[in-house]
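Trainee: Output the structure for:
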Amino acid sequence: MQYRKLGRTDLDVSVICLGTMTWGEQNTEAEAHEQLDFALDKGVNFIDTAEMYPVPPKEETAGRTECYIGTWLKARQNRDKIILATKAVGKSDNTFYRGNEQSRLHGRHLKAAVDDSLKRLQTDYIDLYQLHWPERTTNYFGKLGYEHVEEEDAVEILETLEALGELVKSGKIRHVGLSNETAWGTMRYLHLADKYDLPRMVSVQNPYSLLNRSYEVGLAEVSIREDCGLLAYSPLAMGVLSGKYLGGAMPEGSRLSLFTRFKRYSTELAHELTAKYVALAKENGLDPAQMALAFVNNRRFVTSNIIGATNLKQLESNISSIDIELSDDILKSIEEIHNLHPYPCP
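Mentor: Model prediction:
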């Protein structure tokens, strides 16, 4: 395993991060524990979850993933062996996160969210606490176009950052990060942290893959210059880059067969490019999924690559991508394919 610094902290996180959003929906508690044991044995020390997991979010399952991690931590007594990240939901019409009240990024909401997560996780501190999406309306969750909303009711970034500062002082969280954020939002948080001596954001968790390289446009420079690296999610574009959906295939039990809402990477252009990436991998004796992950692993602006799996075979393959170094010829071919349609999944 390889490790990188998390922002400007003293934490070394594994370049492969174990994602958990299927636990409690597609995976049982026993399977979640099995994945955690396996990943830890392979050198993975970075675990990412969220108060809303599993996905898709539902009242009856919200928080279940954190509970599974909590029972594992209690059983293994190995809290010091992992770096644990979770997330607070942003502005949402779902009221089941905050006791029949719309969730927001106000101070009292964040304090309640942290306490609830700590209880479910059965720990007294969170290493990285992330804002799952912005309070304001912007082009998050990978949306390309920005459409401005005037006079919007949104919690000020400074208020949110001050609340996070209090939580850091309390010892309940150690560091803070962003998710589904833009270049403007990231720089605004960093500016306010410097100006008011508040906690500095150490990471941005956004989508990034061969089919979605929008992060490179503005945020990659921010990550490098500000030591606020990317925690890449959906590095396999929801499994599409494995090639398992090509030719109209729909494997039983796969995410796209179970949840029709996940259609973003199923465009005609996405399948066209995926077929080219899969062919490139096979021509070079590589597993298509491992090639796609290796591409993300080796980007300079990436701190960690969040992989997810529903079984141990997938998990082992995904973790093993850390051992693959792509040749200059393969990287050149990847760029040629990318340049055919830079943004196939608007």
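
Trainee: hey, where'd the strands end up in the stretch 51-200 of the chain?
Mentor: Listed in chain order, the strands of the stretch 51-200 of the chain (DSSP state E, counting those that start in this stretch) span residues 83-88, 126-131, 173-179.

Trainee: And the longest one, what's buried?
Mentor: By neighbour count, with 16 or more other C-beta atoms under 10 Å as the criterion, the buried positions of strand 173-179 are 173, 174, 175, 176, 177, 178, 179. (Glycine included, C-beta is placed from N, CA and C.)

Trainee: do stretch 2-17 as well
Mentor: Residues of stretch 2-17 classed as buried under the neighbour-count rule (16+ other C-beta under 10 Å) are 3, 6, 7, 9, 11, 13, 14, 15, 16, 17.

Trainee: And the closest residue to residue 116 other than its chain neighbours, how close does it get to residue 96?
Mentor: Distances taken as C-beta to C-beta, 6 or more residues apart in numbering place residue 51 nearest to residue 116, at 6.7 Å, with adjacent residues excluded. Here residue 51 is placed at a distance of 11 Å from residue 96 (C-beta to C-beta, to the nearest Å).

Trainee: Of these two, give the one with the bigger neighbour count.
Mentor: Legend: neighbour count by other C-beta atoms under 10 Å for residue 51 and residue 96, higher for residue 51 (22 against 16).

Trainee: any weak-confidence spans in this structure?
Mentor: 249-251, 253-262 (pLDDT under 70).

Trainee: in the protein, which spans are helices?
Mentor: Counting by DSSP state H, the chain has these helices, from start to end: 29-41, 64-76, 107-121, 157-170, 183-196, 219-226, 255-258, 268-283, 288-297, 312-320, 328-338.

Trainee: how about those, which one is nearest residue 344?
Mentor: With respect to residue 344, and counting by C-beta to C-beta, the nearest of the helices of the chain is helix 268-283 at 3.6 Å.

Trainee: Confirm for me that residue 106 is in contact with residue 159.
Mentor: Yes. If you go by C-beta atoms under 8 Å, residue 106 and residue 159 touch, sitting 6.9 Å apart.

Trainee: From the centroid of the chain, which residue is nearest?
Mentor: residue 233 (3.8 Å; C-alpha atoms, centre = their mean).

Trainee: unless I'm mixing things up, residue 55 is touching residue 27, no?
Mentor: No. When contacts are counted by C-beta under 8 Å, residue 55 is not listed as touching residue 27 (11.8 Å).

Trainee: Next one: the closest residue to residue 193 other than its chain neighbours from residue 275, what distance?
Mentor: Here the nearest residue to residue 193 in space, its sequence neighbours aside, is residue 200; by C-beta to C-beta, 6+ apart that works out to 4.4 Å. Taking C-beta to C-beta as the measure, residue 200 and residue 275 are separated by 42 Å.

Trainee: Same drill for those two, tell me which one is more crowded.
Mentor: Neighbours were counted for residue 200 and for residue 275 using other C-beta under 10 Å; residue 200 has more, 20 against 15.

Trainee: and the more buried one, what is it in contact with?
Mentor: Residue 200 makes contacts with 7, 8, 176, 190, 193, 194, 228, as judged by C-beta atoms under 8 Å, 6 or more residues apart in numbering.

Trainee: and if you look at residue 226?
Mentor: Per C-beta under 8 Å, 6+ apart, neighbours of residue 226: 186, 187, 190.

Trainee: Next, count neighbours for residue 248.
Mentor: Residue 248 is flanked by 6 other residues according to other C-beta under 10 Å.

Trainee: Look up how far residue 314 lies from it.
Mentor: For residue 248, the distance to residue 314 equals 22 Å [C-beta to C-beta].
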